[in-house]
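Q: requesting a structural model of the entry that follows:
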Amino acid sequence: MVDYTKYKRKPYSEDEIKEMIKTDKGKGDVVLSNIGLVIKMANRYIHLGAYISLDDLIEQGIIGLYRAIDSYDPDNGSKFVTHAYY
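A: Residues are numbered from 1 along each chain as shown. Next comes the predicted model:
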């Protein structure tokens, strides 16, 4: 099992996220700063009896974060974490 917590970074402000999602490196930094959200959500689903490993759930969550970054509209008024969660 991979220890994803070592990749966790400080959370960024909404203004920083607006600027960071314009570049590929910035997108990666936003994903790493929100890895805790992914792990938290993956742990919720692992106990539902599904035959999916925690690593697979985290991997899918990371893919979901990239999709959330691509569809995020900062001018909409919602925070990125809220957008990514739903």
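
Q: which elements pack onto the lengthiest helix in the chain?
A: The longest helix of the chain (DSSP state H) is helix 54-71. In terms of contacts (3 or more C-beta pairs under 8 Å, 6 or more residues apart in numbering; DSSP states H and E), helix 54-71 is packed against helix 24-33, helix 35-46, helix 80-85. The C-beta positions use only the backbone N, C-alpha and C, and glycine is treated the same way.

Q: out of those, which comes closest to S53?
A: Closest of the helices and strands packed on helix 54-71 to S53 is helix 35-46, at 8.1 Å (criterion: C-beta to C-beta).

Q: pull out the buried positions in that closest one.
A: Judged by neighbour count (16 or more other C-beta atoms under 10 Å), helix 35-46 contains these buried residues: I35, V38, I39, M41, A42.

Q: before we move on, what about stretch 23-30?
A: G26, K27, D29, V30.

Q: and the residues you listed as TSV, adding pLDDT and distance to A84?
A: What follows is the buried residues of stretch 23-30, written out as TSV (pLDDT from 0 to 100; distance: C-beta to C-beta, whole Å):
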residue	pLDDT	distance to A84
G26	86	15
K27	88	12
D29	87	14
V30	88	9
